[in-house]
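Trainee: Here you go, sequence then predicted model.
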Amino acid sequence: MNAFDFAPLFRTAIGFDRLARLVDATAKVDASYPPYNIEKTGDDSYRLTMAVAGFRPEEIDLTVQDNTLVVTGRVASEAPKAEVLYRGIAGRAFERRFVLADHIVVEGADLQHGLLHVGLKRVVPEALKPRRIPVGTQAPQLAAETAKAA
């Protein structure tokens, strides 16, 4: 069974359409190429490392849209210099999609020794961070009356 029918869920639920798109996209992904690692490098920071041997920086494109990081590799068509008897290093074009949680931003990317490193960090806006409310000794109504009297 490769297909999921979310229609019964959506008859009574509102706002879960993004979940259905996520499940559909996950079912269609070729998860084997290129290989990658996802590492947690700190409390709110992550690093995505992809093995992209044979690609130059100008052949790789990173795009973030709608909480999705899309990494695309396009190989420039060059004439082979020699006859290849066995090709074990894949040099084909690819597109990988990673769904990012809310407030995850891409800090930067670099390509070293055939590995693409993408830095990711969770940046929670000040309005969503917990804040401490001071406890006063006067009731709010009494404090307002004291301020009017003064």
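Mentor: Perfect, thanks for sending it. Not measured: the values here are computed from a predicted model.
Trainee: Sketch out the low-pLDDT regions of this protein for me.
Mentor: 1-31, 78-80, 139-150 (pLDDT under 70).
Trainee: Mind splitting this structure into its structural domains?
Mentor: 1-30, 32-125 (automatic domain parsing).
Trainee: Pick the most buried one from those.
Mentor: domain 32-125 (a mean of 13; mean count of other CB atoms under 10 Å). Quick note: C-beta positions are derived from backbone N, CA and C, even for glycine.
Trainee: And that domain, end to end?
Mentor: 35 Å (CA to CA, to the nearest Å).
Trainee: Stretch 113-126 too?
Mentor: Counting by CA to CA, you get 38 Å between the two ends of stretch 113-126.
Trainee: do stretch 109-125 as well
Mentor: End to end - CA to CA - stretch 109-125 spans 23 Å.
Trainee: Please apply the same query to stretch 87-98.
Mentor: Separation of the first and last residues of stretch 87-98 by CA to CA is 28 Å.
Trainee: what's it in contact with?
Mentor: The contact list for stretch 87-98, computed with CB atoms under 8 Å, 6 or more residues apart in numbering, reads 25, 29, 33-34, 36, 48, 50, 53-55, 68-75.
Trainee: let's go with 6 Å and repeat that
Mentor: The contact list for stretch 87-98 (CB atoms under 6 Å, 6 or more residues apart in numbering) reads 33, 34, 53, 54, 68, 69, 70, 71, 72, 73, 74, 75.
Trainee: just stretch 127-142 next, same as before
Mentor: Counting contacts by CB under 6 Å, 6+ apart, no residue outside stretch 127-142 touches it.
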